Every structure is written in C-alpha cells, then in structure tokens.
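Trainee: Predicted model and sequence below, questions to follow.
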Amino acid sequence: MTINWNEIETKWQRKWAESKDFETNPNEKLKKFITVAYPYPNSPQHIGHGRTYTLADVHARFYRMQGYNVLFPMGFHYTGTPVLGMAKRIEAGEKEILDGLRNIYHVPEEDIKTFVEPIKIADYFHEEIKSGMIEMGYSIDWRREFTTIDPGYQKFIEWQITTLKEKGRIIQGSHPVGWCPKDQNPVSQHDTMGDVEPKIDDKNFLVKFKFDEFIFPITTLRPETIFGVTNLWANPNVTYKKVAVDNEKWIVSEECVHKIKFFEKEVSIIGDISGKELIGKSATAPHSGAEILILPADFVEPGMGTGLVMSVPAHAPKDYQALMDLKAKNYELASQIEPIPIIITEGYDAIPAKQICEKLGVSDQSDSKLEEATKELYLKEFTDGKLNEKCDKFNNEKVQFGRDKVRAWLEENNYLEKFPVLENAPVRCRCGAECVVKVLNNQWFLNYGDEEWKELARNCFDDMNILPNNIKTEFKEVIDWLHERACARQQGLGTKLPWDKDWIVESLSDSVIYMAYYTLSRFVNDETVQPENLTKEFFDYVLLDKGDTSLVASTSKLSEEIINTMKKEFTYFYPVDSRHSGRDLVQNHLSFFVLNHVAIFDKKLWPREIVVNGSVMMNGAKMSKSMGNIIPLRTAIREHGADPIRLAIISSAELLQDADFNMESVFGIQNKLESLLEECSRLKKSPIPELQAEDRWILSKTQNKIAEITEAVEKMRLREALHDILFTFESDLSWYAKRVKAKGREDISGILHQINSARVAMLSPFAPHIAEEMWEKLGGTDLVSKSQWPQYSKENVNATSIQSEELLKSTIDDIVNILKVTKITPQKIVIYVNSDELKSTVYRKILSMMVGGQNNMGVIMKELIADSQTSEAKKMPDYIQKVIKDLHSESEEIKTMKLESAEFDEKEFLSKELASIGKKEFGVEISVYSESDENIYDPKGKARHARPFKPAILIE
C-alpha cells in the first residue's frame, strides 16, 4: 500500500482543528503542563529543531491519552539583536546570508526585499515556523500564542523584572560580559553564530612586574605560583606596545591593547618596543623586589593574555621544557636558572614538572603531550597540593584555599588585578564581529553569583525530576560557576527596563518564567483584558497570591470575576510539569529558568521536571549551512511526510545522545507504516474464540509490552518505546502467525484486531496522523488521540503460557541448530523432557537464587547442599553448572515469570503443540517422551540429559 502522506496529514490536522482537541481550560481532571523552549524566528526550523519539539509533543499526547488535562502552548521569542544583525547584513548585500535565504530556505525575493526591517524577518519566520509545527502535527493550544514584543507580554516582563529588583536579585555594578564591539551590546547564546554562549573566565588575573618606569603585566590563573617565578618569557619576534593605561605605563602585545580598551580604562599607545630588546633584561617581582630575567620563547602567543608569560618551571611543564630547551642550546642566561619548588604534592618529587615531562616522554616545547602533562599536574596540585615555606606567610596552606588568599594579598598591595577572558574564544556575533570581554560599569545584572540564591536553585534541582538523570550534575556545575549576568542592553527588540528606559531587558532574561504567561495569554488574545489592565497589583495577586481582588479591581479596571477566572487558570495549570529543551541550553536558559522560578515563586510553584535532549546530526555530520546539509522542516514534510520524519528523529537515538538522521531510515519507516496500515485495513473487530496456547501467549506478551512501553515513555526512553511498538510486536506477531498457520486456524481476526488496536493507540503520540488513519481502518468511531492509553493488567498475563511458548520456541531452535550442524535430512525426531523430581526441585531452587541476584556457582552449591530437599545436589555438579548456564541466557523477565508461575507438564504441552508446527517446519512427525516413560524409544540414552525447559533431542 502506497501512502499519500500529505493528504492523510492534512485530513487529520483539519479534524483536530475542527474538534479543538488541543484547546484546554481548567476542568475536574488532573492536569499536566508541558512546555518547550519557544523558537527565535530568524530562520525556518530544520530537522534538528524538530527533535526537541517532537519529543515534547509525544510527551503531551501520551499524557492526554492517560486521562490528564494537558496544556501544551507555544510562543515566539522576538527579543534581542539577531534579527538586527541579520537585517544589517541583508542591507549590505552580504552574499552568504542572501544565498542561504534563497537557496536553502527558499524565501521569495519580494519577502527578502522587506528584510531590511528586523521585524519583517521575525514576522516572516514566525509564520513559517508555526506552519511547520502545525504540519508536524504538534498538539498545541494556539489560542495562547504570543510574541515577546506583544504589549501584554511586555507588561508581564515589566512585572517580572521589577519583582526581581525588589527582591534584591538585580544589582547595578561593574562586571565582565561577552560583548559585540560592532553592535555595542552584551551578547548571549541567541546573539552569536552557532548559538555559542560566551563563557567568561573571571579567575584569570594580571600580576604587575616592574620594568624601569613601565609595568610588565602578566596574566595567570595561578597567582600562588608567584613565589616560584624564575624568569619571564617574551617572544623575540613580536613588536610590543608601550601603552598609557589610566595612570600607569604598560608594555603589552598589540592584541592585548585591543582587549583592555573594553575594560573601562583610559588607553593610548605611546610607542613600540621589539621583543628582542626585552630579552636579557630584568623585571622586578612585585612581592619580593627580586630581579627576574626575561628570556626568549617562541611559544608565547601575542593573542594570549598580555603576550608576556611568567615562568614557574618547577610546576608548569611548558615552562620547564622551554627552560630545558634553552639549556640544551647552551643559552648562557638560562644556565643561571634553576626551578624553585613551592608546592608539595603526594606522589610527586621536588620538581613535579620535570617528573611528569619525563614520565610522558616530552621531547621539546612544541610536543603536544605538554597539554596532557599540564592538565594532569595542575589538577593534582590544586586538589592535593600544599604551599611550602618559600611561600612566606602562606606556608602549609592547601593550594585550593591558599590561591584565593594569595590573590587577595596581591590585590590589596596593588600587585594584581582581574583580567577576564573569553574561555571559549573565538565567539562571533551574528553581525560577524568577533566578541570580546567588556567590563561594564553601572550596568544592571542578575546577581546569579549570590550563594543564597544558588542554594535555593540547588534545592529545586534536588527535588525535581531531571531526564536523563545523569545530566543533573551538569546543572549543579552550572549553578556553581554562574556569576553576575547582564540583564539589560541598549539595542534590540524587547521590553524597556521600567526604572531606566534607556535599557532593554536582555534576550535570555525575559525568557525565564514566561511559562506563567501562557496561562493568561488567551485572555489577552481574545481581548477579555487589554494590556493596560495588567498592572503590578494584578500580577502580584494572580501569580503570587498577594493583595486582594478589590485592590486589583481598582488598579486594573477589571471585574473581580475576570480577575478570579484568570487566577484560577494560573493556579490550576501551574507549576510546569515538564520543561523540554536541548542540551545546549543547560548552561544558560534551563539553569536561569530554575533560578528565576525559585527567586519569584513559592516552592509549590517550582518546576517539577526538565527533559534534555541531544542535537541532530545529518549522516554523521553536524548540521550547518556551510556543509549544505540543513533540510528545512517543511521541505522534509512535503517530500517525505511528517510522521516518517517524526519517527526517524525519535528512532535514531535515546534522549541525550546526538541523533544521526538519514534518509534511509525515513524510507524504512515509511515501508513499515505502510505495511501496518495495510494490516489494519484487513482486520475487522470480531468475537474472540476459546483461547488456545498461542492465543494466551500473544495476549500475555501484549500485556507485558504495554507495561514496558508505558514505562519507557514515562521515562522518555522514546527510542526504546518506538522500537517495541514497530518491531518487537512484529517479531511476536510473526511467531504467532507461524503457530496459527501450522494449525490451519482462521479464527484469529478478533485477537489480531485487539492487539493491533493497542499497538496503534501506543503509536499515536509518535505518529499521530497515520495512527488516526489506522484507527479509522480498525473501525474506531472517535479519534485515537482521544482514546485511552492501553492499560496493563497483571491479571491478564498468563505466566505459564509465556514460559511454555518460550519452551516451544527454544526447542524448535535447538532442532534447527542440530540440523544445521549435522546437515542431515530428518526421518525421525524424538524429544525427551525431564521428569526427575530432584532435577526439578534443584532447578527451581537455583532459579529462585538467580532471580534474587546470586550467580556464583560455589554459593549456589552451598545453599543447595544445606537444604534437606536438595542436599543430593552435591552428586550432580555438571547438571547444576548447565542449569546456571541455561538461566544466564534468559531474560530477567522470563526467569521471574518461571518463578512466579506454577510448574507445568512439559510433556503434555509439547506433545500437543509441537506436533503441528513441527510437522510444518521439519516435514516429519515428532515424538515426545518423559525420561521415566516405560515405553520410551531411547536407543542412544539421550533422555538422561533432559533438564527442565531444556529437552534432550534425538534426530535420526
């Protein structure tokens, strides 16, 4: 059956829209509030974006079928500067961006002409993304849609930012930020090419050595090593700059001059000095007054720090090797220098840098192994090292605590100042400029460095569900390193700071608690309320339960009835039950989401769950315009159908793994869905006959699959769940078909209809359009998306039927394997089943121990001998070893079922069930004996080898 995907999808999207299935208001049901990070509309969504939104939609649809009242809304994030930079690049006629719009995104030329206005870009791609979401079948309540520049939302942001300021969470001060020198704005992830969050290392410091009338400023992450400095390094091939910096004169590289201009310093170049002129001269150490030689080193890069480096050869492998290289060349000045050890670390001798370079076989200062040596030694010294007596009053301090004490002491004496750097440089703004670190004065910051605030966030993370669980440590690491973050800027779209209209609330700062606005936005959208009605008193009452309705009514000019209806809506749906986003947002948005919730709301309104997914690769490569492997989502839907795209994305990886999307998997999924639709078209609901062994087995297996798939979806192991729905079911049904065909049965339509109805219902959240079509073919009168998720019933699981069918399958497999090895054509097949009571008792005893987790042969043997019922087991070690091996090869599910179910008559079952299928498979009659039968045919003495669930086999 060939499917017209677009036709089916349009049909069901129209029906969902007509029945308003996804529009939800408070009711008597339990609720689930599912949200996903709203998109920034500066380009259409591609297949990579589709992953996060599809996972969230599966989650929402699953909960709906479980009987919850599910709210799944969507907004659009206009705030920030990306569309400003984009508009400038389009106006300038930049080829790369115009080629992308025309050839990848297929934007009509008449629309591109309007893109010199930033808002036109956002509006165009807003509609493009929304259309794609509808075409993907996302079950969104579109009545609640908003953009972050809508007047109603801006009122909400004014309230949010004012509340944070009143609570002392916003401060004004001087702090380093990522900065675009061209746009003159702080930058965050949304503002950069490749969506890179600028990560500032503010643990980088500048130590001031003296050189005649000049300062030699040298950057270091390890201020405590000042006591071990033996020399300074300068690059003889670099021309350094003499620079007036405030009231001091510095010598630094030209690249450093560019950096410090953004540090709120008065900077002017007053001359040049070559690196060669510096070599052989001395500078004065700030803390001791000692004269420190300046030596040559080509490894000193002018773009790193200040272009000058202090050398601590006892503890810095690079410095040690550079010194040894000079000595090997008989460089006279180097011969005067010996390493000064200042840190004692267990496992290392007096000169640890020498020790680790020799251990790793470092050859010279260009050896790549120096990176590994540096990383290993720095970490070990930081965690386990102690400063020694050469460190003056810091003697015996642990490095991890002494570092800050030394830093503070140097700072107090004006020997040191901060020199923040971009840890993940180079980072480029969307306008194309390379970002720098800028120290902003009188800027507004969210005080994320506040320890009390961090502790509240940690408490929230401890209480909430994080999927997958192993990413929880990443959140805690982010909370640990977070510091003050600029929350306002002077360019871009967004909401003005209520108390300082020269500033606009920064892009990520206005997208932290917006989920609360979803509960109110429909009232603004249908004009029940106007933006001017949304006063501070209104939000305080509705969201924080402060004040009373009469006060709110007087300030907002709203009736008490409307106010209380909106409050009821918020109270019913909040808090967020599950928040979906990509892994790249862990370090910013998702962490800020928690920080701002704990700052503003009572604990009962803190978010309950975060779901984090990996990104999407295309045929093993990262998606990028430069590689030409970006497929816009709507293009993929038109060409291949929404459901195959949804399933290909989900089936390619589990949650946190990067999914590798390829068209081959799409075609395979299309074929699978086509065959399943064809099967559903043939099935009719009919009475279920008296159950036979294979019926009891397939119905029991279906119940177990329902339980497993339900658990997998609840834990967002969606790849596993989808694999079971599409393929494990198929495997079971294939065996069932073989069984009924062997018996010549034609009364199974009712059973297959029941099984496939459950299967299609569980497929529905994953592939909603084709599942509706299948449901209709199966005779469903209502929508499958409105049906109940299949319920697992333990009472409907016949454990004996499952283990007996497993016995049948394994027996047939054993016969097939024997025939494969012997290559004989069978004339006679004889099966011998165990009937020895002691063997059975020992088997069940071993089974109970292995289900309990015990696999050790010695321990099992001791327990068997200690039990009076199985003490004779000491005479049968080979048998016990074989039973343990048998049980090792079985799943925990089968072992548990064997233990839970009553023993059954293997001979009776195989005699009855093996005859038909055995004759069909092997073309001969199969005889079944118990080893204790009087009339047994056993010419080769095979019967004594039979074990429970492992018959002996004779083939002649």
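Mentor: Everything's here; your move. Small disclaimer: the values here were computed from a predicted structure and weren't measured. Numbers count the residues shown, from 1 in each chain.
Trainee: Quick one: the strands in the stretch 51-200 of the chain, in order.
Mentor: Secondary structure of the stretch 51-200 of the chain (DSSP state E, counting those that start in this stretch): strands located at 69-71, 170-180, 185-186, 200-201.
Trainee: Could you pull up the mean pLDDT of the first one?
Mentor: To tie it back to what came earlier, the one meant is strand 69-71. Mean pLDDT, computed over strand 69-71, is 98.
Trainee: tell me how far that strand is from the chain's mean position?
Mentor: 24 Å (Cα atoms, centre = their mean, to the nearest Å).
Trainee: Repeat that for the longest one.
Mentor: Here the centre of strand 170-180 is set off from its chain's centre by 29 Å, with Cα atoms, centre = their mean.
Trainee: quick one: the helices in the stretch 351-500 of the chain?
Mentor: Under the criterion DSSP state H, counting those that start in this stretch, the stretch 351-500 of the chain contains helices at 352-360, 369-384, 399-412, 451-463, 472-481.
Trainee: Highest mean neighbour count out of the ones you listed?
Mentor: Sort these by mean neighbour count, taking mean count of other Cβ atoms under 10 Å, and helix 352-360 sits at the top with a mean of 19. C-betas here are computed from N, CA, C, even on glycine.
Trainee: and that helix, how far out from the chain's middle?
Mentor: 38 Å.
Trainee: Quick one: closest of the helices of the stretch 351-500 of the chain to residue 563.
Mentor: Nearest of the helices of the stretch 351-500 of the chain to residue 563, taken as Cβ to Cβ: helix 451-463 at 28.9 Å.
Trainee: Can you name every helix or strand that that closest one contacts?
Mentor: For helix 451-463, the packing partners by 3 or more Cβ pairs under 8 Å, 6 or more residues apart in numbering; DSSP states H and E come out as helix 472-481, helix 589-600.
Trainee: would you turn these into a markdown table with mean pLDDT and distance to residue 703?
Mentor: Output for these, formatted as a markdown table (pLDDT from 0 to 100; distance: least, Cβ to Cβ, whole Å):
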| stretch | mean pLDDT | distance to residue 703 |
| --- | --- | --- |
| helix 472-481 | 92 | 33 |
| helix 589-600 | 97 | 37 |
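Trainee: can I get those in TSV with distance to residue 767?
Mentor: Formatted as TSV, the helices and strands packed on helix 451-463 follow (distance: least, Cβ to Cβ, whole Å):
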stretch	distance to residue 767
helix 472-481	31
helix 589-600	28
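Trainee: Could I get the full set of strands for the stretch 501-650 of the chain?
Mentor: 578-582, 609-613, 616-618, 621-622.
Trainee: Report the separation between the two terminal residues of stretch 374-392.
Mentor: From its first residue to its last, stretch 374-392 covers 25 Å (Cα to Cα, to the nearest Å).
Trainee: quick one: that stretch to chain centroid distance?
Mentor: The chain centroid and the centroid of stretch 374-392 are separated by 35 Å under Cα atoms, centre = their mean.
Trainee: Now do that stretch: everything it contacts.
Mentor: Applying Cβ atoms under 8 Å, 6 or more residues apart in numbering, the contact partners of stretch 374-392 are 222, 224, 227-228, 315-318, 340-348, 352-353, 356, 394-400, 402-403, 406.
Trainee: are any of these buried, and which?
Mentor: Buried members of these, scored by 16 or more other Cβ atoms under 10 Å, are 222, 224, 227-228, 315-318, 340-345, 348, 352-353, 356, 394, 397, 399, 402-403, 406.
Trainee: So which of these belong to strands?
Mentor: 343-344 (DSSP state E).
Trainee: Let's have the helices of the stretch 351-500 of the chain in JSON lines, adding distance to residue 861.
Mentor: Below are the helices of the stretch 351-500 of the chain laid out as JSON lines (distance: least, Cβ to Cβ, whole Å):
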{"stretch": "helix 352-360", "distance to residue 861": "47"}
{"stretch": "helix 369-384", "distance to residue 861": "46"}
{"stretch": "helix 399-412", "distance to residue 861": "52"}
{"stretch": "helix 451-463", "distance to residue 861": "45"}
{"stretch": "helix 472-481", "distance to residue 861": "42"}
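Trainee: Tell me which of the ones you listed sits nearest to residue 79.
Mentor: Closest among the helices of the stretch 351-500 of the chain, using Cβ to Cβ: helix 472-481, at 21.7 Å.
Trainee: Mind giving me the packing neighbours of the closest one?
Mentor: Partner elements for helix 472-481 (3+ Cβ pairs under 8 Å, 6+ apart): helix 451-463, helix 589-600.
Trainee: Ok, which of these comes nearest residue 99?
Mentor: Closest among these, once you apply Cβ to Cβ, is helix 589-600, at 30.1 Å.
Trainee: Please state the offset of the closest one from the chain centre?
Mentor: For helix 589-600, the distance to the chain centre is 18 Å (Cα atoms, centre = their mean).
Trainee: Identify all contacting residues around it.
Mentor: So helix 589-600 is contacted by 37, 160, 163-164, 167, 169, 189, 446, 448, 453, 456-457, 459-461, 464, 475, 478-479, 482, 508-509, 511-513, 544, 575, 579, 581, 605-607, 610, 612 (Cβ under 8 Å, 6+ apart).
Trainee: and if you look at stretch 871-883?
Mentor: For stretch 871-883, the external contacting residues (Cβ under 8 Å, 6+ apart) are 838-839, 842-843, 846, 857, 860-861, 864-865, 947-948, 950.
Trainee: List only those of those flagged as buried.
Mentor: Using 16+ other Cβ under 10 Å, the buried ones in the contacts of stretch 871-883 are 839, 842-843, 846, 860-861, 864, 947-948, 950.
Trainee: Looking at the residues you listed, which is nearest residue 830?
Mentor: Proximity of the buried ones among the contacts of stretch 871-883 to residue 830 (Cβ to Cβ) peaks at residue 950, which lies at 15.2 Å.
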